[in-house]
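Colleague: Whatever this is, show me its structure:
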Amino acid sequence: MLGPEIHISQRIAMNILLVSDISAEEANGGAERVLIHHVRAFRNAGFNITILTRQPDPSAPMTVKLDGGLLEHRLPFSGDKGMKGMVELLTGARKKTINSTWLFLISLL
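Modeller: All right, here's what the predicted structure looks like:
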């Protein structure tokens, strides 16, 4: 045995910021379904999950409450869905996680 046995009830809840270039609001395609699957798996394992993505268009809300109280925060729509847009998204994630207790994961679906 490498150490004391830890029961799930003793586990410390971890906050995870899932950074994705797609939204979990609607499962229209395979990438969205995979994102939703990952979110559910993390939540079922006891983690606190928040999603950070970009607005799908300029008129979309900046925060959306999804099923189960899950929050999806969105950065302003820049019009760039390529590499520049992804760099903007990662920069926004770094700003959100500095001086906080968030672990951020990047989903490149």
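Colleague: Walking through the protein, point out its strands one by one.
Modeller: 15-20, 48-54, 63-65, 71-75, 102-107 (DSSP state E).
Colleague: Go through those and find the least confident stretch.
Modeller: Mean pLDDT per stretch puts strand 102-107 lowest among the strands of the chain, at a mean of 55.
Colleague: quick one: the closest residue to Glu25 other than its chain neighbours and Leu71, what's the gap?
Modeller: In space, Glu25 comes closest to Val64 once its chain neighbours are excluded; the distance is 5.5 Å by Cβ to Cβ, 6 or more residues apart in numbering. The way it works is simple: take the backbone N, C-alpha and C, and place the C-beta from them, glycine included. Going from Val64 to Leu71 by Cβ to Cβ, to the nearest Å gives 7 Å.
Colleague: Could you do Ala31 as well?
Modeller: 20 Å.
Colleague: And for stretch 75-84, what's in contact with it?
Modeller: The contact list for stretch 75-84, computed with Cβ atoms under 8 Å, 6 or more residues apart in numbering, reads 21, 52-58, 60, 62, 85, 88-89, 92.
Colleague: Who has more neighbours out of Ala31 and Leu71?
Modeller: Ala31 (15 against 12; other Cβ atoms under 10 Å).
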